[in-house]
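Novice: no letters, just coordinates:
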């Protein structure tokens with residue numbers, strides 16, 4: 001059995017909404033093995049994105065602990081979390097979040113500005129990441145010159161450029177047509193199977209979830225039925 005990369009124990013997350021406290025996650029326990037490709041499905045407001053944010057150190061639990069690798073995220077300061085994210089986690093979102101004034105190459109290099117790499121090393125790593133996602137020949141194109149699928153590939157290259165162990169994907173195909181979505185999901189499978197990336201993907205799309213190794217259902221703050229998908 002693979003080593004556990006991420007471990008959640010007794011994790012709850014409560015938000016204050018006016019005078020009311022809203023519990024989004026309730027005492028979750030979850031193990032994510034190294035090399036896993038996990039899809040998380042569930043209705044809007046079920047806590048899926050909150051769970052993703054906790055795994056990526058973008059949020060902290062109200063109670064319980066979140067551990068990824070050797071780092072106990074719930075005990076790190078904001079600056080420590082920022083440093084940790086820059087090398088350990090890659091984020092892939094529905095709407096790409098590319099800077100329109102920068103080329104694909106420069107967009108991919110952005111996360112490396114938080115590291116000590118030289119400009120030459122940043123450029124080399126970005127070129128390799130673009131080659132992995134099949135966009136080496138589009139390195140000098142700006143986002144407006146790319147299709148939606150190509151923009152998402154650039155976003156994926158940006159997510160993997162620091163060689164993180166964990167990729168967190170929030171509806172990565174939600175803005176794409178079926179054919180393009182399948183191309184992106186095949187790319188995620190390749191990153192998982194051939195490059196050893198552990199992937200956690202939030203999705204509403206059952207077909208997208210079918211590309212993962214397993215699916216968990218999130219509802220009313222709990223992880224419920226578990227469905228093997230591949």
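Specialist: All right, it came through fine. Since the structure is predicted, the reported quantities are computational estimates derived from the model, not experimental observations. Numbers count the residues shown, from 1 in each chain.

Novice: what residue lies at the spatial centre of the protein?
Specialist: By Cα atoms, centre = their mean, the mean C-alpha position of the chain lies nearest to residue 168, the distance being 1.2 Å.

Novice: and that residue, that's in a helix?
Specialist: No - read with DSSP: H, G, I helix; E, B strand; the rest coil, residue 168 is strand and lies in no helix.

Novice: following element in sequence after the helix or strand containing residue 127, please.
Specialist: Assessed by DSSP states H and E, residue 127 sits inside helix 119-132. Sequence-wise, the next helix or strand downstream of helix 119-132 (DSSP H and E) is helix 148-160.

Novice: please point out which parts of stretch 117-124 sit buried.
Specialist: For stretch 117-124, the neighbour count (16 or more other Cβ atoms under 10 Å) marks 117, 122, 123 as buried. Heads up, the C-betas are built off the backbone N, CA and C, glycines and all.

Novice: next one: the residue nearest to the centre of the chain from residue 144, what distance?
Specialist: Going from residue 168 to residue 144 by Cβ to Cβ, to the nearest Å gives 27 Å.

Novice: all strands of the chain, in order?
Specialist: Taking DSSP state E to define them, one finds strands in the chain at 4-17, 20-33, 37-41, 63-68, 71-72, 89-92, 166-170, 198-202, 214-219, 222-228.

Novice: which one of the ones you listed lies nearest to residue 107?
Specialist: For the strands of the chain, proximity to residue 107 was assessed by Cβ to Cβ; strand 89-92 is nearest, at 13.2 Å.
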